[in-house]
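Asks: Provided below are the primary sequence and the corresponding predicted coordinates.
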Amino acid sequence: MPRTRNGGGVSSATAGAAEVSVVVDVPALWSDEGRMKRELVVWAKAVSSMAIRETMMQC
């Protein structure tokens with residue numbers, strides 16, 4: 001199902017005898033994805049800084 005940016009949820013249904021509909025709060029997922037991307041960038045900068053510092057100490 002397509003995502004919507006208007007604050008509405010996206011429903012998905014499971015296959016089988018009983019059909020169950022689950023509403024997902026899409027804007028909350030987008031904000032969480034953005035937070036995870038920012039945390040990953042911060043982590044990558046810290047790791048690269050430590051790697052550079054380690055190589056400078058070996059010289």
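Replies: Looks like it arrived, so ask away. Model, not experiment: these values are computed from the prediction.
Asks: Which stretches in this structure count as helices?
Replies: 26-58 (DSSP state H).
Asks: what's the burial count for residue 25?
Replies: Residues near residue 25, counting by other CB atoms under 10 Å, number 13. Just so you know, the C-beta spots here come from the backbone N, C-alpha and C atoms, and that holds for glycine as well.
Asks: ugh, typo on my part, it should be residue 27
Replies: 14.
Asks: For it, give me the pLDDT.
Replies: As predicted, residue 27 sits at a pLDDT of 76.
Asks: likewise residue 6?
Replies: 51.
Asks: Equivalent analysis for the one 3 residues further on, please.
Replies: At residue 9, the model reports a pLDDT of 50.
Asks: Flag the shaky bits of this structure, pLDDT-wise.
Replies: Counting by pLDDT under 70, the ranges of the chain that qualify are 1-18, 29, 59.
Asks: please redo it, this time with the cut-off set to 80
Replies: Within the chain, the stretches with pLDDT under 80 are 1-19, 24-31, 59.
Asks: Could you give me the buried positions within stretch 49-59?
Replies: Neighbour counts over stretch 49-59 (16 or more other CB atoms under 10 Å) mark no residue as buried.
Asks: then that stretch to PDB, C-alphas only?
Replies: Provided in PDB are the C-alpha atoms of stretch 49-59 (Å, rounded to 0.1, in the frame of the first residue of the first chain):
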ATOM      1  CA  SER A  49      38.000  10.000  14.400                       C
ATOM      2  CA  MET A  50      39.300   7.100  16.500                       C
ATOM      3  CA  ALA A  51      40.800   5.400  13.500                       C
ATOM      4  CA  ILE A  52      42.600   8.600  12.400                       C
ATOM      5  CA  ARG A  53      43.800   9.200  16.000                       C
ATOM      6  CA  GLU A  54      45.100   5.600  16.100                       C
ATOM      7  CA  THR A  55      47.100   6.000  12.800                       C
ATOM      8  CA  MET A  56      48.500   9.300  13.900                       C
ATOM      9  CA  MET A  57      49.800   7.700  17.200                       C
ATOM     10  CA  GLN A  58      51.700   5.000  15.200                       C
ATOM     11  CA  CYS A  59      53.800   7.500  13.200                       C
END
